[in-house]
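J.: show me the folded form of this:
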Amino acid sequence: MAIEFRPAGKSDRAAILELFEVAFKAPANAADLAWKYDVNPHPALSALAIEDGRALGFIGALGTRYRGEAMDQRGNTVVDVMTRPDSRALGRAGMFKRLGELFRRINAEAGTLFDFGFPNERARKIEERLFGCVLAEPCAERGRRLDAPPLLGRLRRRLLRVSEGEPFGRAHEPLAELLHARPGWRTDRSVRTLAWRFSRPGYAYRTFQLLDWRGTSRGYAVVAIREGRAALVDLQVASESDGTLVDLLAAVQERLGAIAADRMVLRSPQRGLLASRLEGELAFVPEPSDTVLLMHPITDGYDFLSPGSTLDYRFADHDVF
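T.: Residues are numbered from 1 along each chain as shown. Take a look at the predicted model:
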């Protein structure tokens, strides 16, 4: 029977779960795939190669919107890429390339201009060769030891307070509007998107919102413990140039207290105001990373690499976090 290449649907889930277990030699998590592909407020299009009910290859996309001063567009990031190990042995070496071509075509028809991902060095070379992806930059990560001298925040003087564990709601809406209107671009930070993003089954997050005297958010941080580090999975402030950044980080450092981590780490672009403040007055130091930001062309004729230089990325944009 001929291999069928088509968009993946919910009815294909059992076949995709079986493929996951074969490809990665690990149990598949049905609840996690449902979180990615069924309840995401920004549905995306994924591509499937299937033969006689058996999935041979899958490219899964996590949907979002690209938001910025001059951008409000459909977007996604590639998160699940898998093929059945015996496919090449059966003379189907070109299957993965055809699957990639399908993925690009169906997403271009849906209005996606480009997508992005965070592969390691080995995966980067494969994606560049097969799909024409281009390196935007090696991801920058910076850390600060939790036992370092406390940062000097001035919450009381600025009439600010930190709320931990409070759901993202109306207090966050003005901050989201500010973030979405900034130069460059970032993935969607609306209330609905954040509520979904940090409700992932099996993942534990601590959220901290910096509120002013009116109860309006001036910034937030989301923390997860990963490999002995307190990963700042997301960190956003209304202004990166004033004391808000220091206030938020000082409060987070204080509240983390005696946790099973020795430092807090943030992933963000190599250059810019945030980078200079982190490495300057805030005493964050560069950390090694084997992850890169890779841009993938979708729509012909669009300068897909240019936005890579202005993506304000965080750990939260990478689905492993």
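J.: who touches stretch 161-174?
T.: Residues outside stretch 161-174 that contact it (Cβ atoms under 8 Å, 6 or more residues apart in numbering) are 155, 191, 194-195, 206-211, 215-217, 220, 248, 251-252, 255. To be clear about C-beta, it is placed using only N, CA and C from the backbone, and glycine gets the same treatment.
J.: what comes up buried for it?
T.: Across stretch 161-174, burial judged by 16 or more other Cβ atoms under 10 Å covers 162, 168, 171, 172.
J.: cool, stretch 292-300 as well?
T.: 292, 293, 294, 295, 296, 297, 298.
J.: ok, now stretch 77-90?
T.: Result for stretch 77-90 [16+ other Cβ under 10 Å]: buried residues 77, 78, 79, 80, 81, 82, 83, 84, 87.
J.: these into JSON lines, with extra columns for secondary structure?
T.: Formatted as JSON lines, the buried residues of stretch 77-90 follow (DSSP: H, G, I helix; E, B strand; the rest coil):
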{"residue": "77", "secondary structure": "strand"}
{"residue": "78", "secondary structure": "strand"}
{"residue": "79", "secondary structure": "strand"}
{"residue": "80", "secondary structure": "strand"}
{"residue": "81", "secondary structure": "strand"}
{"residue": "82", "secondary structure": "strand"}
{"residue": "83", "secondary structure": "strand"}
{"residue": "84", "secondary structure": "coil"}
{"residue": "87", "secondary structure": "helix"}
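J.: make TSV from those and add distance to residue 49 and pLDDT to it.
T.: Output for the buried residues of stretch 77-90, formatted as TSV (distance: Cβ to Cβ, whole Å; pLDDT from 0 to 100):
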residue	distance to residue 49	pLDDT
77	21	92
78	15	89
79	17	90
80	13	89
81	12	88
82	10	89
83	8	89
84	9	87
87	8	71
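J.: which of those sit farthest apart?
T.: 77 and 87 (24.4 Å; Cβ to Cβ).
J.: report the helix or strand with the lowest average pLDDT across the chain.
T.: Sorting the helices and strands of the chain by mean pLDDT, DSSP states H and E puts helix 121-131 at the bottom, at a mean of 82.
J.: related to what we said a few turns ago, just the contacts of stretch 161-174: which are in helices?
T.: Assigned to helices by DSSP state H, the following of the contacts of stretch 161-174 qualify: 191, 194, 195, 248, 251, 252, 255.
J.: state the pLDDT value of residue 111.
T.: The score at residue 111 is 93. That number is its pLDDT.
J.: host element of the closest residue to it other than its chain neighbours?
T.: Distances taken as Cβ to Cβ, 6 or more residues apart in numbering place residue 74 nearest to residue 111, at 5.0 Å, with adjacent residues excluded. Per DSSP states H and E, residue 74 falls inside strand 71-83.
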